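Q: mind folding the following:
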Amino acid sequence: MASRWLKTNCLLASATAFWLTALSPVPAIAKGISYSLALVASVQLVGESRRLIVQDARRAALAAMNQELEQTEIALHSKSKRFMKFTALHRLTLRKLERHLYKEPSAEQTGETSTSTSVDKAFYLAIKGLLEVKGETYMIEQVLKMGGRRWEEGKRRLQQILQQGRQEEWD
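A: The predicted model follows:
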């Protein structure tokens, strides 16, 4: 089966040739036949052009849908990679927190009799571990819940916690 473009171009050439033949100096019967064939070729050309337009529109729509699917697939793939990195980072953070929290068991703690002090120390070590992994912005916004207008207050609170830990030598 010939392609629609080839068919359309052949019909166009035939209609033009028949029309020009009818305009040339030929007998009246030849002019009538040429006009008739030109008209038939033109009608078939219109029908074939419509099918060609539909075919091209479908092809363009399929190409656009395929491109959209590829972009969606790429986006999902990168999102899953980010999720995997986040999960790995989350595990690493938890390990660091556990290491900081359980570095010195409570039985080995000497000189600390207050529960409040041990809680403060655990909090300091957790803050310090998260600060190394996540950064200051994460600590202020997500842990201390002092983002936005309370940013400066959160920053001061974080500095107070870190300063207290250094003064108590909890490192």
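Q: just name the shakiest helix or strand of the chain by mean pLDDT.
A: When the helices and strands of the chain are compared on mean pLDDT, DSSP states H and E, helix 115-134 comes out lowest with a mean of 77.
Q: off-centre distance for that one?
A: Chain-centre distance of helix 115-134: 36 Å, with Cα atoms, centre = their mean, to the nearest Å.
Q: and the longest helix seen in the chain with helix 115-134, angle?
A: If you go by DSSP state H, the chain has its longest helix at helix 28-101. On the basis of axes from the mean of the first three to the mean of the last three Cα atoms, to 10 degrees, helix 28-101 is oriented at 150 degrees to helix 115-134.
Q: who does the least confident helix or strand of the chain touch, helix- and strand-wise?
A: Helices and strands touching helix 115-134, by 3 or more Cβ pairs under 8 Å, 6 or more residues apart in numbering; DSSP states H and E, are helix 28-101, helix 151-168. Where you see a C-beta, it was placed from the backbone N, CA and C, and this is true even at glycine.
Q: just put the ones you listed in TSV and tack on mean pLDDT and distance to Glu136.
A: Shown next, in TSV, are the helices and strands packed on helix 115-134 (pLDDT from 0 to 100; distance: least, Cβ to Cβ, whole Å):
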stretch	mean pLDDT	distance to Glu136
helix 28-101	84	15
helix 151-168	87	7
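Q: nearest to Asp120, out of these?
A: Asp120 lies closest to helix 151-168 among the helices and strands packed on helix 115-134, at 7.1 Å (Cβ to Cβ).
Q: next, the angle from the closest one to helix 115-134.
A: Interaxial angle of helix 151-168 relative to helix 115-134 (the same axes, to 10 degrees): 120 degrees.
Q: buried sites along helix 151-168?
A: Neighbour counts over helix 151-168 (16 or more other Cβ atoms under 10 Å) mark 154-155, 158, 161, 165 as buried.
Q: go on, stretch 39-52?
A: In stretch 39-52, counting by 16+ other Cβ under 10 Å, buried: 41-42, 44-45, 48, 52.
Q: also stretch 24-40?
A: So, applying 16+ other Cβ under 10 Å, buried residues of stretch 24-40: 34, 37-38.
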